[in-house]
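K.L.:
just a sequence and a predicted model for now, questions to come.
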Amino acid sequence: MAQDLVALSSDYQFWMQKLSVWDQASTLETQQDTCLHLPQFQEFLRQMYEVLKEMDSSAITERFPTIGQLLAKVCRNPFILAYDESQKILIWCLCCLINKDPRNSGESKLNSWTRGLLSCILSTFRFDIKEVGLFTRGLGYAPTAYYPGLLKNMVLSLVSELRENHLNGFNTQRRMAPERITSLSRVCVPLVTLPEFEPLVEALLTYHGHEPQEVLCPEFFDAVNEAFLLKKISLPASAILCLWLRHLPSLENTMLHLFEKLVFSERNFLRRIECFMKDLLLPEAACHPAVFRVVDEMFRYALLETDGAPEVLAALQVFTRCFVEALEKENKQLRFAFKTYFPYASPSLVVTLLQHPKDIPRGLWSQPLRRISEMLQEIVEGQTHGSYGGPFESWFLFVHFGEWADIAAEQLLMVEAEAEAPEALLWLLAFSGSPGAGRRQRSQTMIAQTDAITHEVIGFLDQTLYRWDHLCVEAPRPRELARELLTELRGQA
């Protein structure tokens, strides 16, 4: 980002001078010079957008105080606006200047001024279909009479038409043609971050016609998902769910965005991971089995590629807990059986793992732990091995509910647990740490030392504190000691 800003600042001054020359004289020479430099200027605009989209509006005006002058000069140059590609990138840049929550009169004036430029461009935007004519004929205005205040009315008009079209279904006399919806989605690509266009974006995402193929263009889905990930747009969970169900690459990019955050963030901060996932609406959207299966498969591949990285394991466990909470909140009587979400797992094992420790007296935690250990041993080493996949499938299911492994570790520290079922708990922990090992290797792995012991302890303490918070465990002194040790270990790691 810093290198991009340095390079862009040098180009910025060059193009500012060029635009001033082109703006002051309309001679044959300046027209020829404009056409000659147009490809390089378009590339500059594209680079400018890539930088602006990562900044908020106040930072943009602070870093580029004359950005408004530059974009205004572009808007007045007919040779630049003659190309659709230039128009699109220019609109993207202008949208970055709009502050959704202006904090003072200066930001409000900038918003109004920017919307005025956008209206000017939109009035001359050359669409494949006569969208401008549709707006103006319906509202009784000529294209030159566009004002920022009319944007809201235009959008509401289209939203109403889309919803009416959706309700009428096969009523072909009042039905919007698929080609027109496709063109409308393409027109919206550079406009998705404008607050005024959010109702139209939502209406397009939730629109379902009777066409056999997708009518919204892929670029529209990409633009909406990028704006959502960058928090440039606010949409309800239902619209995001439609986005991911209709365009798989958007969901995949969202998961890659999550993994990227995990890689570049500090380890073992589960509360931060939880907040980030909820901001992405992943647990809520995953209540739909199709979304859950995609998310789950990407976690599976991430674990395989990273050899079970602790960051990915922690993220999977947080996701599962948030997903189960969202599922229970959405509908107490589940619309989908749990087998829909875990089709390759033992149903009885899934039911046992789904038991929330909070609903079980603490003194009885060893009982479900013993059942979980016995069922896993039977699947992995017994006769039912082929019924529910290999050891990895059983391990992958178990680590979804990794708090049971943490509780097993806690139980082993208690005399009562050691007296009741040490072998079952030891096997469970050994299996959790090395699912691919054979029976003999697993026996050698039980309560074993590793080079990464510090990081293991950090993870255990962080997960314990995280779990105590959700289980409302009252343990002031142990909690204080755990936090002190966690702080000390993080300083050494």
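P.N.:
Arrived safely.
K.L.:
so E211, which state does it fall into?
P.N.:
Of the three states, E211 takes coil under DSSP: H, G, I helix; E, B strand; the rest coil.
K.L.:
neighbours around it, how many?
P.N.:
The number of residues packed near E211 is 10, by other Cβ atoms under 10 Å. Where C-beta positions appear, they are placed from N, C-alpha and C, glycine not excepted.
K.L.:
same question, the one 10 residues further on
P.N.:
Under the neighbour criterion other Cβ under 10 Å, F221 is assigned a count of 23.
K.L.:
what's the answer for L90, then?
P.N.:
The number of residues packed near L90 is 23, by other Cβ under 10 Å.
K.L.:
what do you get for L397?
P.N.:
Going by other Cβ under 10 Å, the residues that sit close to L397 add up to 20.
K.L.:
distance between whatever helix or strand S10 lives in and the chain's centre?
P.N.:
Per DSSP states H and E: S10 is located in helix 2-24. In terms of Cα atoms, centre = their mean, to the nearest Å, the centre of helix 2-24 is found 34 Å from the chain centre.
K.L.:
how close does the closest residue to V201 other than its chain neighbours sit to S238?
P.N.:
Spatial nearest neighbour of V201, excluding adjacent residues (Cβ to Cβ, 6 or more residues apart in numbering): V192 at 5.3 Å. According to Cβ to Cβ, to the nearest Å, V192 stands 17 Å off from S238.
K.L.:
my read: A409 touches A430, true?
P.N.:
No - if you go by Cβ atoms under 8 Å, A409 and A430 don't touch, sitting 11.5 Å apart.
K.L.:
just to revisit the earlier point, V192 and S238 - which one has more neighbours?
P.N.:
V192 (25 against 14).
K.L.:
how much space between that one and I80?
P.N.:
V192 is 23 Å from I80, by Cβ to Cβ.
K.L.:
ditto for L28
P.N.:
Distance from L28 to I80, counting by Cβ to Cβ: 17 Å.
K.L.:
the more surrounded of those two?
P.N.:
Per other Cβ under 10 Å, whichever of L28 and I80 has more neighbours is I80, with 22 against 7.
K.L.:
hang on, that one packs against K88?
P.N.:
No - the pair I80 / K88 is not scored as a contact, 11.9 Å apart, by Cβ under 8 Å.
K.L.:
can I get the CA coordinates of whichever strand or helix holds G106 in CSV?
P.N.:
Per DSSP H and E, G106 falls inside helix 105-124. Extracted in CSV, the C-alpha atoms of helix 105-124 (Å, rounded to 0.1, in the frame of the first residue of the first chain):
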residue,chain,number,x,y,z
SER,A,105,-20.8,20.1,7.3
GLY,A,106,-17.7,19.8,5.2
GLU,A,107,-18.2,16.1,4.7
SER,A,108,-21.9,16.7,4.0
LYS,A,109,-21.0,19.3,1.3
LEU,A,110,-18.5,16.9,-0.2
ASN,A,111,-21.2,14.2,-0.3
SER,A,112,-23.6,16.5,-2.1
TRP,A,113,-21.0,17.7,-4.5
THR,A,114,-19.9,14.2,-5.4
ARG,A,115,-23.5,13.1,-5.9
GLY,A,116,-24.0,16.0,-8.3
LEU,A,117,-21.0,14.7,-10.4
LEU,A,118,-22.4,11.2,-10.3
SER,A,119,-25.8,12.5,-11.5
CYS,A,120,-24.1,14.4,-14.3
ILE,A,121,-22.3,11.2,-15.4
LEU,A,122,-25.4,9.0,-15.1
SER,A,123,-27.4,11.4,-17.2
THR,A,124,-25.1,10.8,-20.1
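K.L.:
show me what it is packed against.
P.N.:
Under the contact criterion of 3 or more Cβ pairs under 8 Å, 6 or more residues apart in numbering; DSSP states H and E, helix 105-124 touches helix 57-63, helix 67-75, helix 84-97, helix 148-168.
K.L.:
again, 10 Å this time
P.N.:
The contact analysis (3 or more Cβ pairs under 10 Å, 6 or more residues apart in numbering; DSSP states H and E) places helix 105-124 against helix 57-63, helix 67-75, helix 78-81, helix 84-97, helix 131-139, helix 148-168.
K.L.:
what's the angle from the helix holding S10 to helix 67-75?
P.N.:
Going by axes from the mean of the first three to the mean of the last three Cα atoms, to 10 degrees, helix 2-24 is angled at 50 degrees with respect to helix 67-75.
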